[in-house]
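J.: A structural model of the following input is requested.
(2 chains)
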Amino acid sequence: MSTQYTSALRERLAEQFKSFVDPAFVLAEESQRKPYECDGLAAYRHLPLIVVLPETIYDVQKIMRICHAEQVPVVARGAGTGLSGGALPLENGVLLSLARFNQILDIDKPNLCATVQPGVRNLAISEAAKPFGLYYAPDPSSQIACSIGGNVAENAGGVHCLKYGLTVNNLLSVTIVTAEGELVTLGSGGLDSEGFDLLALITGSEGMLGIVVEITVKLLPIQERAQVVMAAFDHVETAGQAVADLIAEGILPAGLEMMDQPSLQAAEDFVHAGYPVEAAAILLCEVDGDNEEVSEEIARVRQRLTDSGATEVRTAKDDNERARFWAGRKAAFPAIGRISPDYYCMDGTIPRKHLPYILREITRLSEVYGLRAANVFHAGDGNLHPLILYNGNEPGEIERAEAFGGKILEACVEVGGSITGEHGVGLEKINQMCAQFPPEEITLFHAVKAAFDQQGLLNPGKAIPTLNRCAEFGAMHISQGDMRFPHLERF
Amino acid sequence: MSDNTKKLIDQVKTAYANNSALKIIGGNSKDFLQACSTDASLEMTSHAGVVNYEPTELVLTARAGTPIVEIEKLLTDNGQYLSFEPPHFSENTTIGGAVASGMGGPRRPWGGAPRDVLLGCRLLTGTGDVMRFGGEVMKNVAGYDVSRLMAGAQGSLGVLLEVSLKVLPAPSKTITLTQDLSEAEAHQKMRELAAIPMPLSGVCYTNGQLYIRLSGAHASVNAWSKKIGGERLAENSTFWERLRDHQLDFFDRSKPVWRISLPPAAPSLACADSTLIDWVGGQRWIISDAAPEQIKSEALKLKGHAKQFYGNSSPEPWAMSSQAALAPIQKRLKETFDPKRIFNPGTHADL
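T.: The predicted structure follows:
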C-alpha cells in the first residue's frame, strides 16, 4: 500500500469513527498510536493504522460495519498482556481497544454467575464476587492485569485448572460482534444451548472469529480452606515421578506446580518466598475444600511426597506463608527478568510422563544455542513454561532464542504434546503450527474462520499459518498454496 | 474390538461419490432423539476398543464404538471415573454416541458435559478425510478447538472415530440424603446448598422429595451429611442411575416429557403439569400438554430452550439457534465439514 493511500484511509476512518466515538478516543497521530505497537510479546512491533477505543457495543458494531465496507482488517485488544503477539496490530489495520469496556455489569448470586465487559481484569471479578462468598476460578499468573476478554480469546488457564478447568469450562455465554457488525450471543442462561457449541469454538480463537463484547462467567463458592505443601527434590526426574505418584494415589490437587533450580533461585532472590535454593526442583501442591477434607488430603499428600523421595516436605504454617509460597511461583517470570536483560517464555504442553525427556532436551538445546533456560511447569496438567534467557542488545541472540524456543516446541509435538497450552499461537508460534498440523487440518481451520469471517478481516495472519508460509518454513511440501484476498497485507 | 477405520472411510467416500446419505449409528440407544431421514447406516460398534489409557496421565483414548460400560469398568478398576456421568439409555451406549449427544448426567453442574472433558478426537469428515484435533494433553490452544465443537453436534459435522477424554480420580465416599419438601422449597434449598462450598455431586427434586448427593473425602462427606440432615438413602439405591438413564417413573414414555435448559434460579414453568428439577435448577423435566410452540416460547423467555424427549410420535429435529445472524455461520460450518450433507440428514432443523 502506498503512503498516500494509507494516510487517506486513516483520515477517512478517523472522520467516520469520530462521528460517533468521542474524538479523544480515536487515535490517529503517530505519537498516540505508538503505545499500541505491541502486546506482551514486545519483540514484535507494528504501528497500527489507527486506534479506536469505543465505549458501547453499538459503537463496536458501527466500527465493524465501516471496516467491513472499507475492507480494512481489525485487531481487537484487551489489556495487551498476551505473550504470543495475538494483539499485535497491523500497519494497514484498525486496532480496536476494549479498554473502556471495564464494567462488571452483574453479580448474579442466585444463578452463580457474573456478567462482565471484556476489559474487566480477571482478578477484579473475584474481588467483586467475594462479598457474595463466590469467585471466578481460572487464575492466570497475570490475573492482576490481564482482561477477561483476552482470557476468552486465549482460553487462559492458570495454576488451578487441573481441578477447576480452563476458561472454556467456566463460561456460560459470550456476546460477540461479527465481522459484519452483527451482534450474537453464544451459549445461554443455562448450561447448554441449541445448535453447535460455538461458545467452545470461539474460546481460544484469538480474536479471529468475532469480537467479544460481553461475557457471563460461572462463579464458584469460595472454599473454606486451602493449604499448600512445598516439597524439595534432588533431581527433576524424581519430582516428575512424584507428580505421577500423587495422581496415582487418587489425589486431585487444586494446584500442582514445579520450578527447577534456576527458576526457584531467581524467585527466592526476588520475593523471598522461603524456597530451599539448594534443591534441584520444588513442587507446590495445593489442596482445597472444607476443613476436614483439607486435613485428610494434606496428610496423604505429605506421606506420598515423602515416599516419592522428597528431601524436604513443608506445609505452609499460615495464610501468610501460603501466600509467600505462591508469590514466588507467580513472580517467576519477572524474577527471571531481573537476572537476564531479556527472556523468552515458551508454553508447550506434553503428556506428563515425557517430562524428563523434554527437560533433558532443553538442557541439550541450551548448550547448542549457548543460552541459559529456566523452567516453570504447571505439573498437574503438563504445561511447561521454559524461559530462555538472552540479551536483545547482543546481535543474533534474539534469533538464537527464537530458534531455541521453536526447537523446544517441536520436541513437545514429537512426544504428542502441543506448541501452546494457554498463551496462544498469535504470531509468535505460527511457524510451529506447521509442525503440529498437516495441510488438511490447516486448510480446515481457514474454512472455520471463513464460516465466521468470510473476508478475513478479523486479526488476519495470526494463529493459523497459510500453506505458503508452511512451505517456506519447510515443515510442509506443497507446490502452491492458495492465498485468499491477496490485496490484504499478511505476514 | 478392532480398528475399522479403513472400512468407514470407504463407506464415506462411496457415499460422497454417489451423493448418498448415511446415518451414523453406535449403540442405537438415542435413536428416539434422532430425526434422521435416511436408513443407510454407518455402523460404528465394530470400531471399538480402548486405544490408550494411563491412569497417571488422567487421559483415556477409545474408539467411538466402545461401549460406555466397558470404559466405566476399566476406570473403576483403576479408581477413576468419567466426571460427566453419561446417560446409558441402553447397555450398548457407546462413547462416540455419548460425546456426539453432548449429554451430561446428574453431576453436570460440577463434573461438566462431554465438551468439558473432550481433549481431542480423530474425525472422519464428509469428504472421507481423517483429521486429528486436540490430543491427549490437558491444555492445548493451538488451532481452533474443533474437537469440542463435535461434542453435542449429533454427528452432523462428521464421524468421531476416536475420542480422548480427561478422566478423574473417583471420590472415595458417596452419600445421598433425602428431604420431604414442596417444589418451591426444594428449588430454594438446592440453590442455597450449591452456593456453599460442599462436595455436592447431584441435587434433584422429584415426587415431593429433594435428593442431595455428596461425593468426596470420607471426613468431608460425613461432616456435611450431618450438617444438611435428612434421611440417608440406602447404599444400594439406584436412584441416580435411574435419573441419569431416564428410568424413574417420571419419564413415562406415553406422556409428553420435555427437557428444559434454564438458568438455575428461573421460576417454574407455567405450562408444566409436573416437574422434575435436576442440575440445581439448570435442567427441568416437565410433563406438559401445552402446545410445543408455547413451551418453547416460555423457555426462551426465561433465557433457556426446550426439547421434547418422550411422548411424541416421531422425534423432532434438534433446533439450531433462534438468532438469525447465527444461521449462516452454522450452515457454513456444516458445509466445511460435510460439504455434500452426507451425515445424519434431518437431525438438525434448518441446516
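J.: Quick check, central residue of the chain?
T.: You didn't pick a chain, so chain A it is. For chain A, the residue nearest the mean C-alpha position is A:H423 (2.9 Å; CA atoms, centre = their mean).
J.: my bad, the chain I had in mind was chain B
T.: B:M103 (0.8 Å).
J.: Surely it touches B:F89?
T.: No. B:M103 is beyond contact range of B:F89, at 9.4 Å (criterion: CB atoms under 8 Å). The way it works is simple: take the backbone N, C-alpha and C, and place the C-beta from them, glycine included.
J.: got a list of what A:E37 touches?
T.: Residues near A:E37 by CB atoms under 8 Å, 6 or more residues apart in numbering or on different chains: A:R45, A:H46, A:L47, A:P48, A:P89.
J.: before we move on, what about A:E237?
T.: With contacts defined as CB under 8 Å, 6+ apart, A:E237 is in contact with A:L355, A:P356, A:L359.
J.: swap in B:T5?
T.: B:H47, B:L124, B:V130, B:L161.
J.: Now, those that are in helices?
T.: Among those, DSSP state H puts none in helices.
J.: Now compare those residues and name the two farthest from each other.
T.: The distance between the two most remote of the contacts of B:T5 (CB to CB) is 12.1 Å, for B:H47 and B:V130.
J.: ok and the residue in chain A nearest chain B?
T.: Going by CB to the nearest CB, chain B is nearest to A:G189 of chain A, at 3.0 Å.
J.: Report the secondary structure state of that residue.
T.: coil (DSSP: H, G, I helix; E, B strand; the rest coil).
J.: Where does B:L333 sit, in terms of helix or strand?
T.: According to DSSP states H and E, B:L333 maps onto helix B:327-337.
J.: Contacts for that helix next, please.
T.: A:178, A:195-196, A:198, A:444, A:447-448, A:450-452, B:123, B:125-126, B:149, B:156-158, B:320-321, B:341, B:350-351.
J.: how far does it sit from the chain's center?
T.: Distance of helix B:327-337 from the chain centroid (CA atoms, centre = their mean, to the nearest Å) equals 23 Å.
J.: mind listing what's buried in that helix?
T.: B:I329, B:Q330, B:L333, B:K334, B:T336, B:F337 (16 or more other CB atoms under 10 Å in any protein chain shown).
J.: Pull the most distant pair out of these.
T.: B:I329 and B:F337 (13.1 Å).
J.: Now do the strands in the stretch 1-150 of chain B.
T.: Shown for the stretch 1-150 of chain B, the strands assigned by DSSP state E, counting those that start in this stretch span residues B:23-25, B:41-43, B:50-54, B:59-63, B:80-81, B:118-124, B:130-134.
J.: Looking at those strands, which is nearest to B:A184?
T.: That would be strand B:80-81 among the strands of the stretch 1-150 of chain B, by CB to CB, at 33.4 Å.
J.: Can you list the helices and strands that the closest one packs against?
T.: The helices and strands touching strand B:80-81, judged by 3 or more CB pairs under 8 Å, 6 or more residues apart in numbering or on different chains; DSSP states H and E, are strand B:168-169.
J.: Do me a favour and average the pLDDT over the strand it packs on.
T.: The average pLDDT within strand B:168-169 is 96.
J.: Same check on stretch A:256-272?
T.: 95.
J.: Only the buried residues of that stretch, if you could.
T.: Across stretch A:256-272, burial judged by 16+ other CB under 10 Å covers A:256-268, A:270-271.
J.: same thing with stretch B:157-176?
T.: B:157-171, B:174-176.
J.: Which ones among the residues you listed also lie next to chain A?
T.: Among these, proximity to chain A is found for B:L157, B:L168, B:P169, B:A170 (CB under 8 Å from any CB of the partner chain).
J.: Out of those residues, which comes closest to A:V168?
T.: B:L168 (16.9 Å).
J.: Can you give me every residue that contacts the closest residue to that closest one other than its chain neighbours?
T.: Excluding the flanking residues, the one nearest B:L168 by CB to CB, 6 or more residues apart in numbering or on different chains is B:S83, at 5.0 Å. Residues near B:S83 by CB under 8 Å, 6+ apart: B:R107, B:W110, B:G111, B:G112, B:D116, B:V117, B:K166, B:V167, B:L168.
J.: Need the max-distance pair from those residues.
T.: B:W110 and B:V167 (15.2 Å).
J.: can you count the residues close to residue 318?
T.: All of this is about chain A. 8 (other CB atoms under 10 Å in any protein chain shown).
J.: wait, chain B
T.: There are 24 residues near B:W318, going by other CB under 10 Å.
J.: Could you give the backbone dihedrals for it?
T.: phi -70, psi 140 (degrees, to the nearest 10).
J.: Would you check that it makes contact with A:D192?
T.: No. Taking contacts as CB under 8 Å, B:W318 lies outside contact range of A:D192: 11.4 Å.
J.: if we can go back for a sec, among the contacts of A:E237, the buried ones, what's the PyMOL command?
T.: Here is the PyMOL command that selects the buried residues among these (16+ other CB under 10 Å):
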select buried, chain A and resi 355+359
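J.: Hmm, which of the contacts of A:E237 is lowest in pLDDT?
T.: Among these, A:P356 carries the lowest pLDDT, at 85.
J.: Who are the contact partners of that one?
T.: A:P356 neighbours (CB under 8 Å, 6+ apart): A:V236, A:E237, A:G240.
J.: one more time with 6 Å, if that's ok
T.: A:E237, A:G240 (CB atoms under 6 Å, 6 or more residues apart in numbering or on different chains).
J.: and what of B:G105?
T.: B:E85, B:P87, B:R244.
J.: same thing with B:V51?
T.: B:T61.
J.: give me that answer again for 10 Å
T.: B:D3, B:L60, B:T61, B:A62, B:R63, B:T66, B:R122, B:E136, B:E162, B:V163, B:S164 (CB atoms under 10 Å, 6 or more residues apart in numbering or on different chains).
J.: between these, which is nearest chain A?
T.: Using CB to the nearest CB, these come closest to chain A at B:E136, 5.9 Å.
J.: A:Y344 is in what secondary structure piece?
T.: Counting by DSSP H and E, A:Y344 is found in strand A:342-345.
J.: That strand vs chain B: in contact?
T.: No. Strand A:342-345 stays clear of chain B (CB under 10 Å from any CB of the partner chain), getting no nearer than 14.7 Å.
J.: Distance of the closest residue in space to B:T38 that isn't next to it in sequence relative to B:D245?
T.: Once flanking residues are discounted, B:T38 sits nearest to B:A21: 4.0 Å by CB to CB, 6+ apart. B:A21 sits 30 Å away from B:D245, going by CB to CB, to the nearest Å.
J.: Same question for A:E206.
T.: 40 Å.
J.: Show me where the stretch 101-250 of chain A has its helices.
T.: A:122-129, A:148-154, A:161-164, A:198-202, A:236-248 (DSSP state H, counting those that start in this stretch).
J.: Quickly list what's touching both of B:W318 and A:D192.
T.: With CB under 10 Å, 6+ apart as the test, B:W318 and A:D192 both reach B:G102, B:G152.
J.: Neighbours of the closest residue to B:P199 other than its chain neighbours, how many?
T.: Leaving aside its chain neighbours, B:P199 sits nearest to B:G216 (3.3 Å; criterion: CB to CB, 6+ apart). B:G216: 24 surrounding residues under other CB under 10 Å.
J.: so how far is B:Q179 from B:G216?
T.: Distance from B:G216 to B:Q179, by CB to CB: 20 Å.
J.: Ok, A:F17 next?
T.: Applying CB to CB to A:F17 and B:Q179 gives a distance of 59 Å.
J.: quick revisit: which of the contacts of B:G105 fall within helices?
T.: Judged by DSSP H, the contacts of B:G105 include B:R244 as members of helices.
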